[in-house]
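> Attaching a predicted model along with its sequence, questions to come.
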Protein chains: 2
Amino acid sequence: MNQKIQDRLTAMRAVMKENGVNWYMVPTADFHNSEYVDRYFKVREFLCNFSGSNGTLIIGEKEAGLWTDGRYFIQAEKELAGTGVTLYRMEEEGVPTKEEFLAEKMEEGQTLAFDGRVVDTRYGQKLEAVLKEKKITISCDKDLADQIWAERPGMPCHPAVVLDEAICGKTVREKLADVRAKMKEYDAASFFLSKLEDQMWLLNIRGKDVSCFPVALSYTYITAEECHYFIQKDAVTKELKEHAAKYGITLHDYHDVRAFLENVPMDGKVLCDLGNVSFAFYKIISEKAKIINAANPTELMKAIKNPVELEKMREVFIKDSAALCKFIYWLKDRIGKETITEITAADYLDNLRSQVEGYLDLSFHTISAYRANAAMMHYSATEEGHAVLAPEGMLLVDSGGQYLGGTTDVTRTIVLGPITDEEKEHFTAVAMGMLQLTNAKFLYGCTGRNLDILARQPMWDRNIDYKCGTGHGIGYILNVHEGPQGIRWKYSEGMREAVIEAGMAISNEPGVYVEGSHGIRTENIIIAENGEKNGDGQFMHFETLTWVPIDLDAIDKSIMQPKDIERLNRYHAQVREKILPYMNEKEAKWLIEATREI
Amino acid sequence: MNQKIQDRLTAMRAVMKENGVNWYMVPTADFHNSEYVDRYFKVREFLCNFSGSNGTLIIGEKEAGLWTDGRYFIQAEKELAGTGVTLYRMEEEGVPTKEEFLAEKMEEGQTLAFDGRVVDTRYGQKLEAVLKEKKITISCDKDLADQIWAERPGMPCHPAVVLDEAICGKTVREKLADVRAKMKEYDAASFFLSKLEDQMWLLNIRGKDVSCFPVALSYTYITAEECHYFIQKDAVTKELKEHAAKYGITLHDYHDVRAFLENVPMDGKVLCDLGNVSFAFYKIISEKAKIINAANPTELMKAIKNPVELEKMREVFIKDSAALCKFIYWLKDRIGKETITEITAADYLDNLRSQVEGYLDLSFHTISAYRANAAMMHYSATEEGHAVLAPEGMLLVDSGGQYLGGTTDVTRTIVLGPITDEEKEHFTAVAMGMLQLTNAKFLYGCTGRNLDILARQPMWDRNIDYKCGTGHGIGYILNVHEGPQGIRWKYSEGMREAVIEAGMAISNEPGVYVEGSHGIRTENIIIAENGEKNGDGQFMHFETLTWVPIDLDAIDKSIMQPKDIERLNRYHAQVREKILPYMNEKEAKWLIEATREI
């Protein structure tokens, strides 16, 4: 029984009652629909103990439910134990969606409340539509949890950093011109941008307001002539002021954006990404102007890396890979000789990474998951609950860094000692899938849905699925996950897919997760490139950025086809060539062995 | 110079002028949006000479254009030569769509005309939307071509056939109940069905009004209590009357449907598939009732074959395969010894097929294409233009039959003598792709877009693409092409994809087409089946229906992986087992050799 959480839920229900609220919804978001959020925004975790990066809590008078996706089923089950909160496994057969649940459970005339600043417009509208028939009142102007969270941290605020243009590849002037050209295409007089990473990319700045996610809390409002940038006063530096002056950017206080939107004349149409603009600001804008709802044009521009970014990324990924190689050498060398835990292993790796030139931060908290813990896709070892490593089984390590020059993300599953034949088979299947996707040749026009099966095939051939996508876009000194591209297989009617464009960076991370037994994931980052163009179209392929051995101790060559073996050997030869210069004598000896031809 | 066509276009332009029409559009359709149409409906071919199954002619005062898809580019180029009609290659870079072309070319206030009975509503509405800005008048109440086509054939009319319920698997009562349940889901009081094959399936009848397509021209109007069936008077037999009486179907004359729609009370909503109902009838219904636009519910029901249909198909496909095997034996035996042309070869095969038990018709005109002719995907040999076969190169034969018990479709490319190494490589790649898709394992929820790359991969690996889909659904004693499923890769925003359901039959037909040199296609029909269901979902795989050797004379084993070789050997062992009982002594000897392990 988790008394702390039950007490908080009891307190919440009392506040709900005072406010005439029957159901209260708490998603996982800041005011910018960010994936990573500061502690200030972690209301859902405060109320139900589930700490995963995706989840929505719905509290009723007598029950509460938590919706999360397949990556977190096992973790959520653990963290929700004793809280009285029911886990709803998203997309599993027979599990209602949040809207279906509310439409079913809510009684006619009841009130649903949520903080309208942390719900995006598209979802707010969806709720309105679904609950209209039951005459549900939606109240979204209060953050009720604030009233019971006595020790809530303050809103984060750190000085913003202006990037050296030499590593950006494009000036703010050029980027603003590109955005304004898009606005013109849409016939939009202005563009309200609230997505944090898009603003950082557009203005060539970075911040430190969120751990692992180098952004400054901010909003941007652009017209054909003006660019208004809203950022907390204490985040503004002399360099930022100069930068703003140089590119005609007017600086405002972050907290003045609401008043600005209320008062600025909006004569023409306003471009807004309703999937990313909060319900609260949508209400203000939609009362004044016609809204053009479209993806932020910055999203696709940011996803297609320019030659300077690509060059920097190639360098950074080699150095980052070298750090991981050093870690693997150390781990394999020391295991059984000293006490190493999931946490001390991660710390050792984080420390190696921090010594890499240009290091800023991790790109997410290192996942270090031993044996069965690795079956939890986004398991996080804690001081209270973590495993001690032994010279047997495998350790899954998913990690990455933020550097001046790129954001990395890499997973390796490392053999610490004896493993089972089944583990070897699964590990080999994962490697085969990862390499088959890496070596894909495809026509321009493909989206991730065309390619996903190349990574998944060896698992599907064995009646196994990893319940998540195969790959996500990756930012440049920004969010380790970014759109619009992705490599996934599932279809839903009306879904939008992004065509894979040359210059897009994508993760390639198939896996096998066997609850209670083991988890395996092998992840490289790959870049889409143009190949031959002929009468049949523009052919494309991928370039690899990540150079870390795939553990041969877990490879079962007997289940591989010759071309699988060739691909593995070719990859390892390149790893050796690129990483050897960074290794000391002992590490070099290990690397040569670890990348031997099989 | 094609004087005959130029004269017809001149005559058309005169009629257009008389009628105040600036542009006239002629698609390829009957009144039911059928894929195959009787000669009565072949207005487009009459006017421009292009005989492919898909193409739209647009005639202006000074120019004319023909739009067709990748299957027909080469053929269209030939057939349009000297007609003055420009070929617009659909989906190629920089080629305008028909709507874009009209929006660009038409001047403000001009008139576009077409026969509203042969244009589906969705497309009619699209044209209205695109041309609205230029204030274009759309006139769709006349078939202008009728005025210049002096020797136009009469509308086809043949007695309808009532199928034995033993081969249908479901009675009309059950099917009507299923359809009415769907109507209820849509809250539709009535359902207007004009798609011919859907009516045949629903009412367990067949017709002979179109060559290769066993349908009777008809319409059906269904309410919760009634079922009105419109069919030409001379098509009604005693059996049909009894069948109609048994299942509460009211028979009407085909030509009375317009008056019926105008006069019948429509109190509730009407379910209509606007992609398949003609613009003309849409106008009548939409003035009287609210329309629910959705795919005909019969489409998906028809696509998922029931156990009786599957069992009949398995039998029929073996017999049909045996006929093709006999043909291949004969061809390989006789080539170089007697004169065989593309046409006489096809005739020989058609004759073999006609001797199969339960034979009704071909399922399409046999494609027999030698060497470079095979690069034209839907090439059709004619008395005036066809090749004489020689003991060298390859003959592509794509053929199928309509039987009481199923519709078949199979392609083999047959080696007649020496071929080049490139031809062997291409042939082997096609076989590898076909077999990789056949052996796919996948989770329920996949659509054809997830699987297409499995067939296409060996070609894409070589910077080659076949510019068409990999597979189409196939009917049961009906259209050889049917939806909603398909195996294709291209994405377009808002497209709808059909999840592959157990019981769906699909063609698997990758190819390589090298203009001026050679064309290769290998096509089997496969059925989706459920496999293991576990915590990861419902796994699925395919069962093969087609059993004809893949010509080992064109297989280059050196480019195959062991698993490709295993798949080929496994397939050939099954071919041998299933087909040997149908072979005479000489054929058997050949079959054993043709299916030998490599």
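Nice, thanks for sending it over. Small disclaimer: the values here were computed from a predicted structure and weren't measured.
> Domain-wise, how is chain A divided?
Residue ranges of the domains in chain A are recorded as A:3-147, A:161-297, A:309-594, according to automatic domain parsing.
> which residues touch the host helix or strand of A:Ile506?
Element membership of A:Ile506, judged by DSSP states H and E, is strand A:505-508. Defining contact as Cβ atoms under 8 Å, 6 or more residues apart in numbering or on different chains, one finds that strand A:505-508 is touched by A:305, A:313, A:409, A:434, A:437-438, A:448, A:455, A:470-474, A:476, A:485-487, A:500, A:523-528, A:542, A:545. Where C-beta positions appear, they are placed from N, C-alpha and C, glycine not excepted.
> hang on, the earlier thing: can you tell which of the domains of chain A is closest to B:Ala224?
The minimum distance between B:Ala224 and these falls on domain A:3-147, with 24.7 Å, by Cβ to Cβ.
> That closest one: end-to-end distance?
Counting by Cα to Cα, to the nearest Å, the length from the leading to the trailing residue of domain A:3-147 is 19 Å.
> A:Ile525 against A:Ile318, yeah?
No: using Cβ atoms under 8 Å, A:Ile525 and A:Ile318 do not qualify as a contacting pair, with a distance of 11.8 Å.
> Would you mind telling me which of those two has more residues around it?
Neighbour count, other Cβ atoms under 10 Å in any protein chain shown: between A:Ile525 and A:Ile318, A:Ile525 has more, with 29 against 17.
> Give me the pLDDT for that one.
Model confidence at A:Ile525, given as pLDDT, is 98.
> for it, helix, strand, or coil?
Three-state call for A:Ile525 (DSSP: H, G, I helix; E, B strand; the rest coil): strand.
> Provide a list of residues in contact with it.
When the contact criterion is Cβ under 8 Å, 6+ apart, the partners of A:Ile525 are A:Phe317, A:Thr408, A:Asp409, A:Val410, A:Ile474, A:Ala505, A:Ile506, A:Ser507, A:Asn508, A:Thr544, A:Leu545, A:Thr546.
> Separate out the buried members of those.
By neighbour count, with 16 or more other Cβ atoms under 10 Å in any protein chain shown, the contacts of A:Ile525 hold A:Phe317, A:Thr408, A:Asp409, A:Val410, A:Ile474, A:Ala505, A:Ile506, A:Ser507, A:Asn508, A:Thr544, A:Leu545, A:Thr546 as buried.
> For the fifth one, which non-adjacent residue is spatially closest?
What it means is A:Ile474. Using Cβ to Cβ, 6 or more residues apart in numbering or on different chains and skipping residues adjacent in sequence, the residue nearest A:Ile474 is A:Ala505, 4.8 Å away.
> Specify the beta-bridge partners of that neighbour.
As for beta bridges, A:Ala505 partners with A:Ile527 under DSSP bridges.
> if I look at it, how far off is chain B?
Taking Cβ to the nearest Cβ, to the nearest Å as the criterion, A:Ala505 is separated from chain B by 20 Å.
> C-terminal to the strand holding A:Ile506, what's the next element?
Taking DSSP H and E as the definition, the helix or strand right after strand A:505-508 is strand A:511-514.
> Given the host helix or strand of A:Gly486, what are its sheet partners and their directions?
With elements taken from DSSP H and E, the one containing A:Gly486 is strand A:482-487. Counting by DSSP bridges, the strands paired with strand A:482-487 are strand A:471-473 (antiparallel).
> list the contacts for the residue nearest to the spatial centre of chain A?
The residue at the geometric middle of chain A, judged as the C-alpha nearest the mean C-alpha position with Cα atoms, centre = their mean, is A:His481 (3.4 Å). Under the criterion of Cβ under 8 Å, 6+ apart, the contact partners of A:His481 comprise A:Glu35, A:His472, A:Gly473, A:Ile474, A:Gly475.
> about what we covered before: pLDDT at the residue nearest to A:Ile474, what is it?
The predicted structure scores A:Ala505 at 98 on the pLDDT scale.
> Could I get the full set of strands for the stretch 51-200 of chain A?
The residue ranges that make up the strands of the stretch 51-200 of chain A, judged by DSSP state E, counting those that start in this stretch, are A:56-59, A:64-68, A:85-89, A:111-113, A:137-139, A:161-162, A:188-193.
> Any idea which of the ones you listed gets closest to A:Glu45?
Evaluated over the strands of the stretch 51-200 of chain A, closeness to A:Glu45 peaks at strand A:56-59, with 9.0 Å, by Cβ to Cβ.
> Could you list every helix and strand in contact with the closest one?
helix A:3-18, strand A:23-26, helix A:43-48, strand A:64-68, helix A:98-105 (3 or more Cβ pairs under 8 Å, 6 or more residues apart in numbering or on different chains; DSSP states H and E).
> rerun that using 6 Å as the cut-off
Contact partners of strand A:56-59 among helices and strands, from 3 or more Cβ pairs under 6 Å, 6 or more residues apart in numbering or on different chains; DSSP states H and E: strand A:23-26, helix A:43-48, strand A:64-68.
> Now the second one: average pLDDT?
Okay, so that is helix A:43-48. Taken as a whole, helix A:43-48 has an average pLDDT of 96.
> Now A:Arg334: closest residue in space, sequence neighbours ignored.
Take A:Arg334 and drop its neighbours on the chain: the residue closest to it by Cβ to Cβ, 6+ apart is A:Ile340, 6.4 Å away.
> what's the closest of the contacts of A:Ile525 to B:Tyr282?
Using Cβ to Cβ, the shortest approach to B:Tyr282 within the contacts of A:Ile525 belongs to A:Ile506, at 44.1 Å.
> quick one, what contacts the residue of the stretch 351-500 of chain A found nearest chain B?
Nearest residue of the stretch 351-500 of chain A to chain B (Cβ to the nearest Cβ) works out as A:Asp465 at 3.8 Å. Contact criterion Cβ atoms under 6 Å, 6 or more residues apart in numbering or on different chains gives B:Leu443, B:Asp536 as the residues in contact with A:Asp465.
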